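In: no sequence for this one, just the structure:
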């Protein structure tokens, strides 16, 4: 049976929506590598390409799909609209999105998907709109491309909208816009009343090497909204000995056990391994501890045969029981269950290969060459860690975007994305 163009477009749009949903999960997944992302992005781009060729027939179907307000379908429609430069189509996508945060993430992702020269006029149009939500999208598009919009970013740091201001302050760090003029709005916002604004300012300044911002980050570790992200940067900015003390203090509090496990992987010192082995016997901490162990040693728990079985009766995340009030997703669902005995044997056999007082990431000391290697071969969380370490070694460099389209993540000899990073103005 021969399919009509409308049927083909319908099928392709559904597939693009599914792949977009899969990608949104994959860019955060610990087991996904750059190679995996390349294969996934090639599939998604192939679907988008069919829609490009289909022309008006594809857009007609996109309009129908947009009426359903499904963010996964918004992605393809937004890519087609922004690439076309057709203001009517772009406005239709933006109006459909309203001010929904899920739709915003998809639209920013679409702006980041297309080539910068095509995205640039659409981004600047958004930056100069009266709508705060659309200005937010514009700043997000700049950050996705690691493009400095100059005075537009400075202005956004003082925007009357908290949403725009928070995003702009974060973008300073992501883009690497650090000079004395740019520091001024960031330092001013360290005293902001709103936690989100204060955190974004502290995060960007800490990434730039500012000591005052490091102090400002510390209270956020205790805040569930910011704790893991604050810890992830804070411990990399502290002196290693101080970071170890922080990890010990977190470990002394049962309520902060998960943060302590994460901290061990961030610090990267082998002195934490015996404690991590103990945590592998605690069902709630086991997989997270296994990931921290891998962060330090580089051993793949599953590939090396160090994997065990889930504890009988253990359940994490939402269940099928309608009476179960737990709706939190399992943060460790993609991680293997380590078998503590096997991991312990492996560690005893390989302990001699690691030195005390050295920070490791995936089994090697944290130096630029190893970080660039991790960007190529690591999982997404490991790659994100390497990106942070590289940015801290060279304040002012853009933070490598491990969630960017894989076809723009080809790593050059200095570890930057193969994409034009426009200098700060």
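Out: Cool, got the structure. What you see is a predicted model; the values in this text were computed from it and never measured. Residues are numbered from 1 along each chain as shown.
In: going forward, measure contacts and count neighbours with C-alpha atoms only.
Out: Fine.
In: who's in contact with residue 112?
Out: Going by C-alpha atoms under 8 Å, 6 or more residues apart in numbering, residue 112 touches 119, 141, 144, 145, 404, 405.
In: Can you tell me which of the residues you listed is closest to residue 3?
Out: The shortest separation between residue 3 and any of these is 31.0 Å, and it belongs to residue 405 (by C-alpha to C-alpha).
In: Number of residues surrounding that closest one?
Out: Residue 405 sits with 22 neighbouring residues when counted by other C-alpha atoms under 10 Å.
In: so it touches residue 111, yeah?
Out: No - Residue 405 sits out of contact with residue 111 when judged by C-alpha atoms under 8 Å, with a separation of 10.8 Å.
In: all strands for this structure, in order.
Out: 360-361, 364-365 (DSSP state E).
In: what's the lowest-mean-pLDDT helix or strand in the chain in contact with?
Out: Evaluated with mean pLDDT, DSSP states H and E, the helix-and-strand set of the chain has its lowest mean pLDDT in helix 180-188, which scores a mean of 82. Where contact means C-alpha under 8 Å, 6+ apart, the residues beyond helix 180-188 that reach it are 154, 157, 158, 169, 201, 202, 204, 205.
In: and the first one, what does it touch?
Out: With contacts defined as C-alpha under 8 Å, 6+ apart, the neighbours of residue 154 are 182, 185.
In: so what's it scoring on pLDDT?
Out: The confidence metric pLDDT takes the value 94 at residue 154.
In: Roughly how far does it sit from residue 175?
Out: As defined by C-alpha to C-alpha, to the nearest Å, residue 154 lies at a distance of 13 Å from residue 175.
In: Show me which residues of the least confident helix or strand of the chain are buried.
Out: By neighbour count on 16 or more other C-alpha atoms under 10 Å, the buried set for helix 180-188 is 182, 183, 185, 186, 187.
In: Just checking the distance from it to the centre of its chain.
Out: The gap between the average C-alpha position of helix 180-188 and the chain average comes to 25 Å, counting by C-alpha atoms, centre = their mean, to the nearest Å.
In: Numbering from 850 from now on, please.
Out: In the new count, where the first residue is 850, that last one comes out as helix 1029-1037.
In: So which of the strands of the chain is the most surrounded?
Out: Relative to the other members of the strands of the chain, strand 1209-1210 carries the highest mean neighbour count by mean count of other C-alpha atoms under 10 Å, namely a mean of 26.
In: Show me the contact partners of that one.
Out: Contacts of strand 1209-1210 from elsewhere in the structure, counted by C-alpha under 8 Å, 6+ apart, are 1116-1119, 1144-1147, 1215, 1219-1220, 1231, 1235.
In: ok, the residues you listed vs residue 874, which is closest?
Out: Distance to residue 874, by C-alpha to C-alpha, is smallest for residue 1231 among these, at 15.6 Å.
In: so what are the domain limits for this structure?
Out: If you go by automatic domain parsing, the domain ranges for the chain are 850-963, 1087-1159+1182-1206.
In: Any chance of those domains in TSV with mean pLDDT and distance to residue 1078 as columns?
Out: Output for these, formatted as TSV (pLDDT from 0 to 100; distance: least, C-alpha to C-alpha, whole Å):
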stretch	mean pLDDT	distance to residue 1078
domain 850-963	94	13
domain 1087-1159+1182-1206	98	10
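In: Quote the end-to-end distance of stretch 1220-1236.
Out: Stretch 1220-1236 stretches 7 Å from its first residue to its last (C-alpha to C-alpha).
In: Report the mean confidence score over it.
Out: Per-residue pLDDT values over stretch 1220-1236 give a mean of 97.
In: what sits up against it?
Out: Applying C-alpha under 8 Å, 6+ apart, the contact partners of stretch 1220-1236 are 876-884, 1115, 1144, 1210-1211, 1238-1239, 1248-1251, 1260, 1263-1264.
In: need the helices for the stretch 1150-1274 of the chain, in chain order.
Out: Per DSSP state H, counting those that start in this stretch, the stretch 1150-1274 of the chain carries helices over the ranges 1189-1199, 1217-1226, 1229-1242.
In: Check the stretch 900-1049 of the chain too.
Out: Across the stretch 900-1049 of the chain, reading from the start of the chain, the helices by DSSP H, counting those that start in this stretch fall at 905-915, 920-933, 936-946, 950-962, 965-976, 981-994, 1000-1005, 1011-1024, 1029-1037, 1044-1056.
In: helices and strands around the second one, which ones?
Out: Translated: helix 920-933. Contact here means 3 or more C-alpha pairs under 8 Å, 6 or more residues apart in numbering; DSSP states H and E; on that basis helix 920-933 packs against helix 854-875, helix 883-903, helix 905-915, helix 936-946, helix 950-962, helix 965-976.
In: Deepest in the core, which of those helices is it.
Out: Per-stretch averages of neighbours, counted by mean count of other C-alpha under 10 Å, single out helix 950-962 among the helices and strands packed on helix 920-933, with a mean of 21.
In: what angle do that one and helix 883-903 make?
Out: Interaxial angle, helix 950-962 versus helix 883-903 (axes from the mean of the first three to the mean of the last three C-alpha atoms, to 10 degrees): 90 degrees.
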